[in-house]
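Enquirer: I'd like to go over a predicted model; first the sequence, then the structure.
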Amino acid sequence: MVRFGMAMAVLACMAAPLFAQESTEQLKKELQELRAEVDGLKAVNQSKEIPAGQGKIDGDAMAADDNPVMTLFKQTKLSGFVDAGYVVSFNHLSVSGAGTNASGNPVRLFDNRANSFYLNAVQLNLERLASKDMIVGYHLELAAGHDPSIYDSGVVALQEGWVQIMAPLGSGLDIRVGKMATLVGYEVLESMNDMNYSRGLLFSRIQNFTNTGVRMAYGMGGSNNDMVTFTLGFNNGLNAVTTFDDNDHGKMVEFQVALKPIKDLLVSATVLFGTEDGLTGSTNDKAYIFDIVAAYTMDKLTFGLNVDWASAQGALGANRAAQSGLALYAKFALNDWFAQSLRIEYYSDHDGAVLGLGPVGGFQDTGTGSRVFEFTLTSEFKIAQHAIFRFEIRHDDSNNHNFNRDGRGARGDNTVGFEVIMPF
């Protein structure tokens with residue numbers, strides 16, 4: 001038995017090299033097959049490669065993420081709103097009455113029809129402001145509706161459009177070139193950003209809406225360099241009705257000093273002066289606007305003050321066309337969804353150049369100029385934190401027959417307004 005085991009062990013030792021040799025041959029065969037498959041795949045890939053010289057990226061080429069133009073548009077902010085309303089006048093304004101002002105409210109500018117629905121504005125804003133990392137920026141405001149027909153003579157308008165350069169001078173010199181909102185006034189063209197639905201008398205009759213030209217601003221003091229801001233500009237003037245209109249070639253200079261001594265208080269003084277020879281053709285027709293604005297926010301209560309003096313020698317067909325006015329604003333936010341606003345305003349058309357002395361509907365007023373007082377109360381509701389609804393009551397009163405009632409002259413008007421705004 002022992003002899004049989006020893007024999008089997010000897011046979012196993014003799015057979016082991018044979019089995020090892022057979023396994024090595026098998027591995028070599030499989031390795032050759034794998035090499036053949038790899039060579040085949042390389043051939044396929046080489047046939048699909050782009051020929052030399054095509055699609056080659058230059059070592060100095062700029063990556064898409066580093067391209068300043070692509071960065072400019074990639075960081076653009078999109079916003080806008082839809083604004084619609086309805087205004088009722090208790091003066092029964094008639095289109096068939098006598099006088100040039102008998103077809104509507106001659107004192108109001110934006111909402112001067114009797115009882116009408118308004119698509120005030122549909123606005124789209126594109127903006128990418130300049131910064132230290134990207135010193136070039138831009139801003140575009142495209143608007144359509146009733147409001148553009150008032151300030152730009154068309155139902156579709158480029159409300160604003162400017163290029164911005166943040167020059168590396170000190171804390172940064174902000175240079176803007178193009179069509180920009182005016183520096184004067186407390187109210188703005190977008191009703192959504194005002195306290196009231198209807199526009200005030202100072203905004204409608206004294207202040208210009210936009211200026212086309214170049215503007216430079218430099219801030220000093222404070223963490224954000226906004227404690228004192230100086231602004232200097234040069235533009236086409238006041239009487240540019242349409243976007244690119246400059247019919248008299250007169251130019252104006254604008255200068256503003258804005259102070260922010262504390263976080264919630266802003267005071268600015270602005271002056272625009274230059275030539276406006278739109279009617280007389282004289283290059284000596286001087287025009288100016290001097291404007292003071294103050295705004296103060298205290299918790300849920302906001303106060304505003306606006307004072308204006310203006311004159312346009314010959315541009316409105318009168319001696320000086322002197323105007324002045326004062327407006328007081330207040331808004332109290334009771335909670336997140338309700339706020340109450342109040343505007344009290346006094347406007348003086350010293351020479352009667354803007355509102356006229358008559359005759360309106362057969363009335364001939366005597367004396368010099370018109371003095372108009374207006375009182376506006378606006379209730380604002382936020383619906384689901386997205387839409388804004390406003391209900392407004394307004395009373396206007398004048399010493400002259402500047403208004404229209406049933407086709408005849410009137411000394412005042414009372415209106416009720418409704419507005420719905422959907423910002424996005």
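Expert: Nice, I can see it. Residues are numbered from 1 along each chain as shown.

Enquirer: rest of the way, CA atoms for contacts and neighbours
Expert: Fine.

Enquirer: The protein: helices as residue ranges?
Expert: In the chain, the helices defined using DSSP state H lie at 2-48, 68-74, 146-151, 201.

Enquirer: Which of those helices comes out lowest on mean pLDDT?
Expert: Among these, helix 2-48 carries the lowest mean pLDDT, a mean of 55.

Enquirer: For V267, list the residues it contacts.
Expert: Contact partners of V267, counting by C-alpha atoms under 8 Å, 6 or more residues apart in numbering, are 258-260, 292-295.

Enquirer: Now for M192: which residues touch it?
Expert: Contacts of M192 by C-alpha under 8 Å, 6+ apart are 83, 421.

Enquirer: ranges for the strands of the stretch 201-350 of the chain?
Expert: Using DSSP state E, counting those that start in this stretch, the strands assigned to the stretch 201-350 of the chain run over residues 210-220, 228-235, 252-259, 265-275, 286-298, 301-312, 323-333, 338-349.

Enquirer: could you dump these to a markdown table with distance to N196?
Expert: A markdown table is the format used below for the strands of the stretch 201-350 of the chain (distance: least, C-alpha to C-alpha, whole Å):
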| stretch | distance to N196 |
| --- | --- |
| strand 210-220 | 20 |
| strand 228-235 | 28 |
| strand 252-259 | 24 |
| strand 265-275 | 20 |
| strand 286-298 | 15 |
| strand 301-312 | 12 |
| strand 323-333 | 9 |
| strand 338-349 | 7 |
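
Enquirer: K29 is nearest to which of the ones you listed?
Expert: K29 lies closest, by C-alpha to C-alpha, to one member of the strands of the stretch 201-350 of the chain: strand 210-220, at 80.7 Å.

Enquirer: Listing partners with orientation, what would you give for the closest one?
Expert: Within its sheet, strand 210-220 is paired with strand 173-181 (antiparallel), strand 228-235 (antiparallel), according to DSSP bridges.

Enquirer: Where does pLDDT dip in the stretch 201-350 of the chain?
Expert: 222-225, 239-249, 276-284, 314-319 (pLDDT under 70).

Enquirer: quick revisit: what's the closest of the strands paired with strand 210-220 to G409?
Expert: Of all the strands paired with strand 210-220, strand 173-181 sits nearest to G409, with 34.8 Å by C-alpha to C-alpha.

Enquirer: Please identify the buried residues of that closest one?
Expert: By neighbour count on 16 or more other C-alpha atoms under 10 Å, the buried set for strand 173-181 is 173-180.

Enquirer: repeat for stretch 290-300
Expert: For stretch 290-300, the neighbour count (16+ other C-alpha under 10 Å) marks 290-297 as buried.

Enquirer: Just confirm V228 contacts G221, I think it does.
Expert: Yes - assessed by C-alpha atoms under 8 Å, V228 is found in contact with G221 at 6.4 Å.

Enquirer: Which of those two has more residues huddled nearby?
Expert: A direct count of neighbours by other C-alpha atoms under 10 Å for V228 and G221 places V228 higher, at 18 against 13.

Enquirer: related to what we said a few turns ago, so which of the strands of the stretch 201-350 of the chain is nearest A84?
Expert: strand 338-349 (19.1 Å).

Enquirer: Quick check: neighbours of the closest one in the sheet, parallel or antiparallel?
Expert: strand 323-333 (antiparallel), strand 370-383 (antiparallel).

Enquirer: do you know which of those lies nearest F403?
Expert: Evaluated with C-alpha to C-alpha, those place strand 370-383 nearest to F403, the distance being 10.4 Å.

Enquirer: And the closest one, how far out from the chain middle?
Expert: Counting by C-alpha atoms, centre = their mean, to the nearest Å, strand 370-383 is centred 23 Å from the centre of its parent chain.

Enquirer: Show me what counts as buried in that strand.
Expert: Within strand 370-383, the residues scored as buried using 16+ other C-alpha under 10 Å are 370-382.

Enquirer: Now for the residues you listed: which two are most distant?
Expert: Of all pairs drawn from the buried residues of strand 370-383, the greatest distance, 37.9 Å, lies between S370 and K382 (C-alpha to C-alpha).

Enquirer: Output the buried residues of strand 173-181 in CSV, with distance to P106 and pLDDT appended to each entry.
Expert: Compiled in CSV, the buried residues of strand 173-181 are given as follows (distance: C-alpha to C-alpha, whole Å; pLDDT from 0 to 100):
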residue, distance to P106, pLDDT
L173, 43, 94
D174, 40, 96
I175, 38, 97
R176, 35, 98
V177, 35, 97
G178, 32, 96
K179, 28, 95
M180, 27, 95
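
Enquirer: now, the most widely separated pair of these?
Expert: Counting by C-alpha to C-alpha, the most remote pair of the buried residues of strand 173-181 is L173 and K179, 18.5 Å apart.
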